[in-house]
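In: compute the structure for the input listed below.
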Amino acid sequence: MRIRGVLLAALAVAAIALVPASGASASNASATHAYLSANYALVHAAHTRIHQVESTLRGLLAQIRRECPLAAKGSPEETQSEQLSNEVIGTMVLTAIRLDLPAGRAYVKAVRPLRWSSPSLTRSVHGYAEKVAKIITLPVPKLCQDVKSWASSGFTTLPSATRPFDSVFLNSWVSPGFLPSALKPYEGGSVRSLVRQTEKQESDIVDLEAREVETWGKIMDSLELEP
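Out: The predicted structure follows:
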């Protein structure tokens, strides 16, 4: 009887120990499903605007050619020119982001409450979400004004906003979509097709970013700004 009692007690303890694990597994799966849905919505919003982004950035190039052509003519290639080059990139990225701010806000709102049993996964997802939250609040720089200001100083003094902008922008600049590999164990068959769609659309966005390097070069040439 004593042995039987010990065995029953051991089985009861084992059963209790399994409950949190099962609950954690369900919680992980639920968080993952919610995250993948929010992430897809963010990526899809960016994907649907690919042609609009291309058109808008062509418009930005035309505006710079019209408002401040050759504004950095004769400027040296050094740290300050590199910082203004970063401001050019930031101007392009934020001009594109302004086309769909609601998608970024919706993503951040949906992701912030999510938690996984893995602290590192939670930190990774939240870290990306906080970068999205930061970059969608950044104002678009006054690029022509800033380059002209630098030129008027004899290319010796950057506008006061350039360095702080570069620091915040470069630390928060992310492409739409984040699929950490640590999510895979919790994905389940029901969301695999969603992941595949997300990855395909992310690939198209990466191609867009690669193409727009040419636009960046044209803006730099128009300003006669060295990277």
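In: after the helix or strand of the chain with the lowest mean pLDDT, which helix or strand is next?
Out: Counting by mean pLDDT, DSSP states H and E, the chain has its least confident helix or strand at helix 2-48, which shows a mean of 68. Following helix 2-48 in sequence order, the next helix or strand is helix 50-67 (DSSP states H and E).
In: may I see the buried residues of the helix or strand following that next one?
Out: Per DSSP H and E, the first helix or strand lying C-terminal to helix 50-67 is helix 79-97. By neighbour count on 16 or more other C-beta atoms under 10 Å, the buried set for helix 79-97 is 80-81, 83-97. Where you see a C-beta, it was placed from the backbone N, CA and C, and this is true even at glycine.
In: helix 50-67 and helix 79-97, what's the angle between them?
Out: If you take axes from the mean of the first three to the mean of the last three C-alpha atoms, to 10 degrees, helix 79-97 sits at 130 degrees to helix 50-67.
In: helix 79-97: what's the following helix or strand?
Out: Next element after helix 79-97 (DSSP H and E): helix 101-111.
In: which helices and strands sit right next to the next helix or strand after that following helix?
Out: Remark: after helix 101-111, the chain's next helix or strand is helix 119-135, criterion DSSP H and E. Counting contacts by 3 or more C-beta pairs under 8 Å, 6 or more residues apart in numbering; DSSP states H and E, helix 119-135 packs against helix 79-97, helix 101-111, helix 162-172.
In: list of residues touching helix 119-135?
Out: Helix 119-135 is contacted by residues 35, 42, 93-94, 97, 104, 107-108, 111-112, 114-116, 168-169, 171-174, 178, 180, 182-183 when judged by C-beta atoms under 8 Å, 6 or more residues apart in numbering.
In: low-confidence ranges, the chain, go.
Out: For the chain, the stretches flagged by pLDDT under 70 are 1-24.
In: again, only using 80
Out: Across the chain, the ranges flagged by pLDDT under 80 are 1-26, 190.
In: so Glu199 sits right up against Phe178, yeah?
Out: No. Glu199 is beyond contact range of Phe178, at 11.6 Å (criterion: C-beta atoms under 8 Å).
In: a markdown table please, covering the helices and strands packed on helix 119-135 and showing distance to Arg123.
Out: Converted to a markdown table, these look like this (distance: least, C-beta to C-beta, whole Å):
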| stretch | distance to Arg123 |
| --- | --- |
| helix 79-97 | 24 |
| helix 101-111 | 12 |
| helix 162-172 | 16 |
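In: just want the most central residue of this structure.
Out: Nearest residue to the geometric centre of the chain (C-alpha atoms, centre = their mean): Val174, 2.7 Å.
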